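Enquirer: curious how this folds, go ahead:
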Amino acid sequence: MMGLLTLVLCGDDDRMPNINQDLVGKKFGHLTVIAKSTERGKQNQYIWLCQCDCGRQILATTSLLNSGQIVSCGHVRLERSKKNLRFTEARHQKQLNNRPPRTSKTGYRNISMTLRSGRWRYRVSIQYDHKQHSALVDTLGEALAERERLRSEWWPGYKSNTDMV
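Expert: So this is what the prediction gives:
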């Protein structure tokens, strides 16, 4: 029993967080800590002023820096997302084909059925440049004509389905 008590009292100090860390001059990914801010976080954590490799300065808490949850001002994530989401002509052409998605209930791309005011209507919807353009019509023929009109108006370089192979 005495050994256990001694172990608890003399516990391993490495397991306890060091709340008085001096991070000035240390590097965390792209961030270099410049100074301790006079501000405190929501849970009274220390906040550090950091300089990113790109030149921007940000504020970050000790826990975010030590855990690796923050490694830059955000430019790394932005560059990565731009690379993954860059617009390609091949990707644009895939959006223009008339092959319906597997989940299509109408059998046509960009056309769905919706219940409005107690009756079923066709909803034509196309997206371009992060904007959605749509219309509601009563018949499938009208929906197909409206889809062609919307595509011609909003998709640059669109060729009608008679021109597509």
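
Enquirer: use CA for all of it now, contacts and neighbours both
Expert: OK.

Enquirer: quick one: the helices in this structure?
Expert: Listed in chain order, the helices of the chain (DSSP state H) span 2-9, 62-67, 75-84, 89-96, 140-154.

Enquirer: weakest of the ones you listed in terms of mean pLDDT?
Expert: Ranked by mean pLDDT, the helices of the chain end with helix 2-9 in last place, scoring a mean of 39.

Enquirer: got the contact list for Gly141?
Expert: Not one residue lies near Gly141 by CA atoms under 8 Å, 6 or more residues apart in numbering.

Enquirer: no wait, Asp53
Expert: If you count contacts by CA under 8 Å, 6+ apart, Asp53 has them with 30-32, 72.

Enquirer: give me the subset of those lying in strands.
Expert: Assignment to strands by DSSP state E places the following of the contacts of Asp53 there: 31-32.

Enquirer: of the contacts of Asp53 - the most surrounded one?
Expert: For the contacts of Asp53, the largest neighbour count, defined by other CA atoms under 10 Å, is 25 neighbours, found at Leu31.

Enquirer: mind showing which ranges of this protein have poor pLDDT?
Expert: Counting by pLDDT under 70, the chain has low-confidence residues at 1-19, 82-96, 159-165.

Enquirer: go with 50
Expert: Across the chain, residues meeting the criterion (pLDDT under 50) sit at 1-14, 16, 162-165.

Enquirer: residue closest to the middle of it?
Expert: With distances taken as CA atoms, centre = their mean, the residue of the chain nearest its centroid is Ser81 (7.7 Å).

Enquirer: so how far is Asp53 from it?
Expert: Here Ser81 is placed at a distance of 19 Å from Asp53 (CA to CA, to the nearest Å).
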